[in-house]
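1. Here is a sequence together with a model predicted from it:
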Amino acid sequence: MSPHAPAPYGGGYPDTSGGHDPYADQGGYAGQGTYADPAQGTYADRGAYGVPRQYADRGGYPGGQDTYAPEPTAPEPVDPQPPTDEPAAEEPGTPKGGRLAAAVVFLVPTALALALILHRIGDRELWRDEHATWWAATLSFHDLSLLIRSIDVVFTPYYVLMHFWIAVAGDSPTAMRIPGAVAMAASAGLLALLGRRLFTTQAGLLAGLAFAVVPTTTRYGQEIRPYAFAVAAVLLSTLLLARALDKPSFKVWVAYTLSVPMIGWSHLASMAVLGAHLVMILIARRSGDKIVGWAFAAACTLGLCFVIPMAVSGSGQSGQIAWNNPTVNDLLDFPKNLFGTWAVAVPVMALGALGLFFAGRRALPLAVWIVLPPVATYATAAQLHLFLPRYLLFTAPAWVLLAAVAVVRIAGPVAGAKAGTGAAVRRGFGWVLVAAAVAGLAFQALPGIRETRHNALGEPDFRGAAQLVEAGQKKGDGIVFSGVMSERRAMDYELRDDAGRPRDTLMYRTPQQLGSFGALECPDAARCLAKADRLWLVSTTLDGQPFSGMPKTTATAINKSFKVVRTKKLSYLQLVLLERTRAATDDPSADRDDAAKRKVHT
């Protein structure tokens, strides 16, 4: 080593003694020891970093200044920044705007849907299924446990929820419809958030607003049944899964796991949406995410543990919907019944089919969402009897979202890295399209929304019958029923607040005793009718004969002892007032086991 070489650690001291350099063949960094031309005073470090470095220590040690001052070298190359006029590519599915934008996207459709649902929410009469909800939800838990052993076990979570709600808010039509209204309104907001995450803010907001004005959104938002909760659960679960795929975290996967039983508890048919979720997982795995499959399997396994026992129990109660045997006409009318009117179904489904071509990698999961449930339930209708538009209402949001994608695509990309980008003029045009599409759909939906305020088609006017009974009743009156429209339960609801209501003369065993929705009538009608001076007959027979809907022996006993005084015809119902023609036989045993005197709800 030359005695005039600088110290190998850059800026030390020169060896003036001309002796042996103790640092020969060593360097300050691993692999160091190559020197440049001493005349230039640079030290080329080719060690562990592999990049030439300069040392300009101007006297790190006492004894003088380093005479080998390095000359400046060119800076290391730096990757150029992307041009400011071209936005950097974003990860698909990552929404812009933060929490404030998300709150606005959720609240605007929710507010619109809630306003439409709450308008005159108590005007429409309850129909048979809603009367069933009221009956089950107002039972004691003991009586409810007896009921679900024979029927409606799959609705147990909903009945329990409504039990607590009625205990707080009461059982008026308006009060009982509030939970469903909130759930359906929230569904519009959740759809908007889902569209924002999968596509763009414009597409999400249009989907949410469009879903808010669909007639069936208002119709089933005012329904005292779990269908609104099924829609909300499906949308929430799908949104959580999309969030977990975009930005996975333990908390999000836990939330998705908890959402799976919510789907099944709201309605078993809604579990078909897991087919679309599976497709989303398979697409993510093909993109290289190997963990997501295990996470999804764990989430579904844990979630289904809370649903399968209820489903197994419900499989033995399928006879309650055995009447539902759809025909080809039911399949052809499915779009109209799903959206409320053909005027809404045709444009939404046509645009939805077009939207599949613009949805990118989101197209296949959405296609499975809208196709698999109706096809599967129709194919298995003879065994499961689940093909009903209201059972499949959770497929409507997917159609609306695809229709929104088709509309917004005119203003620019809605899928991929450049989704939502473009000039300000084009983005503004997109918002004009959103407003125009919502206004046009609302105009088409308006007649259907008005129709939702009316009583359900084919349902008897039990409210009108109850008002006539209350106006004309006398002490000691009895009430009897004829037909197959759950007349006893309906009149029990409509007369629930009337302390002087007519006595249910023919009831022999209460529904609570039977663990059922229906009562057992007296086997000896003449004996049970002995103490009644007047009878109110509520008949829903289709042939117009008031007595044809009751057992022949019962009709004979009534005709023998009573005469018709007055008949009032209402919508799908006849109310007949009868008076006794002869004195009843004095039978002291008539008071034994008189179920009509018992309190109906315990």
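-> Nice, thanks for sending it over.
2. contacting residues for residue 415?
-> 92, 199, 358-362, 405 (C-beta atoms under 8 Å, 6 or more residues apart in numbering). C-beta coordinates here come from the backbone N, C-alpha and C atoms, glycine included.
3. make it 6 Å
-> 359-360 (C-beta atoms under 6 Å, 6 or more residues apart in numbering).
4. What are the phi and psi values at it?
-> phi -140, psi 150 (degrees, to the nearest 10).
5. Nearest the middle, which residue of the protein would you pick?
-> residue 232 (1.9 Å; C-alpha atoms, centre = their mean).
6. Report the separation between that one and residue 545.
-> Applying C-beta to C-beta, to the nearest Å, the value for residue 232 to residue 545 is 45 Å.
7. same question, residue 395
-> 42 Å.
8. Those two - which one has more neighbours?
-> residue 395 (24 against 12; other C-beta atoms under 10 Å).
9. how close does that one sit to residue 457?
-> Taken as C-beta to C-beta, the span from residue 395 to residue 457 is 22 Å.
10. Same question for residue 364.
-> Taking C-beta to C-beta, one finds residue 364 at 37 Å from residue 457.
11. if you count what's nearby, which of those two comes out ahead?
-> Applying other C-beta under 10 Å to residue 364 and residue 457 shows that residue 364 carries more neighbours, namely 16 against 8.
12. now that one, nearest residue through space, not along the chain?
-> residue 279 (5.4 Å; C-beta to C-beta, 6 or more residues apart in numbering).
13. That neighbour: what's it in contact with?
-> 364-365, 368.
14. Quick check: residue 579 is in a strand.
-> Yes. Counting by DSSP: H, G, I helix; E, B strand; the rest coil, residue 579 is found in a strand.
15. Can you report how many residues neighbour it?
-> Neighbours of residue 579 under the rule other C-beta under 10 Å: 14.
16. so residue 562 touches residue 577, yeah?
-> No. If you go by C-beta atoms under 6 Å, residue 562 and residue 577 don't touch, sitting 9.6 Å apart.
17. So those two - more neighbours on which side?
-> Neighbour totals were compared for residue 562 and residue 577, and residue 562 leads with 23 against 19 (other C-beta under 10 Å).
18. Residue 578 versus the more buried one, what's the distance?
-> Residue 562 is 4 Å from residue 578, by C-beta to C-beta.
19. quick one: common contacting residues for these two?
-> residue 535.
20. ok, residues contacting stretch 174-182?
-> 117-118, 121-122, 165, 169, 221-224, 228.
21. Now restrict the residues you listed to buried residues only.
-> Neighbour-count burial (16 or more other C-beta atoms under 10 Å) applied to the contacts of stretch 174-182 gives 117-118, 121, 165, 221-224, 228.
22. Take these and keep only those in helices.
-> Among the buried ones among the contacts of stretch 174-182, DSSP state H puts 117-118, 165, 221, 228 in helices.
23. Tabulate these (CSV), appending pLDDT and distance to residue 453.
-> CSV is the format used below for those (pLDDT from 0 to 100; distance: C-beta to C-beta, whole Å):
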residue, pLDDT, distance to residue 453
117, 98, 11
118, 97, 12
165, 98, 23
221, 97, 12
228, 98, 17
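24. and which of these is nearest residue 471?
-> residue 118 (30.3 Å; C-beta to C-beta).
25. quick one: which of the contacts of residue 279 is nearest residue 308?
-> Using C-beta to C-beta, these come closest to residue 308 at residue 368, 22.0 Å.
26. and whichever strand or helix holds that closest one, how far out from the chain's middle?
-> Element membership for residue 368, per DSSP states H and E: helix 363-379. The chain centre lies 16 Å from the centre of helix 363-379; the measure is C-alpha atoms, centre = their mean, to the nearest Å.
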